[in-house]
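# just to be clear, the model below is a prediction. Sequence and coordinates:
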Amino acid sequence: KAGVTQTPRYLIKTRGQQVTLSCSPISGHRSVSWYQQTPGQGLQFLFEYFSETQRNKGNFPGRFSGRQFSNSRSEMNVSTLELGDSALYLCASRSEDRFGSPLHFGNGTRLTVT
Amino acid sequence: GESVGLHLPTLSVQEGDNSIINCAYSNSASDYFIWYKQESGKGPQFIIDIRSNMDKRQGQRVTVLLNKTVKHLSLQIAATQPGDSAVYFCAEIGDSGYALNFGKGTSLLVTP
């Protein structure tokens, strides 16, 4: 099976712009999660989608949003970018079990805000 | 390479030795734990998981030990190889049951 695929791999944006990141989960996986990774804060949970519904959301401002499509592919959007949004954004998928099912991560999108 | 943590604890071991990476978790109600390995420029890679009804689980060259009394998790890597050099994260299921809470990570450096 192909792994989790994230596009683009790298992005450079300026403050105030908005950005959309894309994620294709492992085939058959219906749950997609997004995480932000920074040197200072480590890996932090953004949100999780299952069957096009957001089931859980982390402690991030409303500028961070996401959605999931009927084919389980997901996008996340960050509006009005700030310098502090520079990070590695990781998408992960898993089978629909709530417990006992590890997340499988993509290689991330490296976002740099200047 | 990319830095995933400016002040990560670092463990340096010689090739062929066994490695032990420790992790303290915070959620006493968590019943599922995972270890991930992250190499430079890549996303976290699943290594091994364990449920709270177990205290030990073995994989290929890896063993995870869970001590719920002191909320401690460890990852043992047997016969460590240069390819094992990476940052290792433990993770626990958060209160919601959907999100993972990650530790800060430990950088493992394997020297020849």
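Perfect, I can see it now. Numbers count the residues shown, from 1 in each chain, chains lettered A, B, ... in the order given.

# who in chain B is up against chain A?
Residues of chain B lying close to chain A (C-beta under 8 Å from any C-beta of the partner chain) are B:2-6, B:31-32, B:34, B:36, B:41-46, B:49, B:51, B:89, B:91, B:93-94, B:96-105. Yep, even glycine has a C-beta here, placed from its N, CA and C like the rest.

# just checking, which of the residues you listed belong to strands?
Judged by DSSP state E, those include B:32, B:34, B:36, B:45-46, B:49, B:51, B:89, B:91, B:93, B:100-102 as members of strands.

# who in chain A is up against chain B?
Counting by C-beta under 8 Å from any C-beta, the residues of chain A close to chain B are A:4, A:31, A:33, A:35, A:37, A:39-40, A:42-45, A:48, A:55-56, A:58, A:88, A:90, A:92, A:98-100, A:102-108, A:110.

# tell me which stretches of chain A form strands.
Assignment of strands within chain A using DSSP E yields the ranges A:5-7, A:10-13, A:19-24, A:31-38, A:42-50, A:53-57, A:64-68, A:74-78, A:87-94, A:104-105, A:109-113.

# can you redo the ones you listed as a markdown table with mean pLDDT, distance to residue B:111 and mean neighbour count?
Below are the strands of chain A laid out as a markdown table (pLDDT from 0 to 100; distance: least, C-beta to C-beta, whole Å; neighbours: other C-beta atoms under 10 Å in any protein chain shown):
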| stretch | mean pLDDT | distance to residue B:111 | mean neighbour count |
| --- | --- | --- | --- |
| strand A:5-7 | 98 | 33 | 16 |
| strand A:10-13 | 98 | 31 | 14 |
| strand A:19-24 | 98 | 36 | 19 |
| strand A:31-38 | 96 | 26 | 24 |
| strand A:42-50 | 94 | 26 | 22 |
| strand A:53-57 | 92 | 41 | 14 |
| strand A:64-68 | 97 | 40 | 19 |
| strand A:74-78 | 98 | 39 | 21 |
| strand A:87-94 | 96 | 27 | 24 |
| strand A:104-105 | 96 | 27 | 22 |
| strand A:109-113 | 98 | 29 | 18 |
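
# distance to residue B:11 added to these, as JSON lines?
Converted to JSON lines, these look like this (distance: least, C-beta to C-beta, whole Å):
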{"stretch": "strand A:5-7", "distance to residue B:11": "29"}
{"stretch": "strand A:10-13", "distance to residue B:11": "30"}
{"stretch": "strand A:19-24", "distance to residue B:11": "32"}
{"stretch": "strand A:31-38", "distance to residue B:11": "20"}
{"stretch": "strand A:42-50", "distance to residue B:11": "17"}
{"stretch": "strand A:53-57", "distance to residue B:11": "33"}
{"stretch": "strand A:64-68", "distance to residue B:11": "34"}
{"stretch": "strand A:74-78", "distance to residue B:11": "33"}
{"stretch": "strand A:87-94", "distance to residue B:11": "23"}
{"stretch": "strand A:104-105", "distance to residue B:11": "22"}
{"stretch": "strand A:109-113", "distance to residue B:11": "26"}
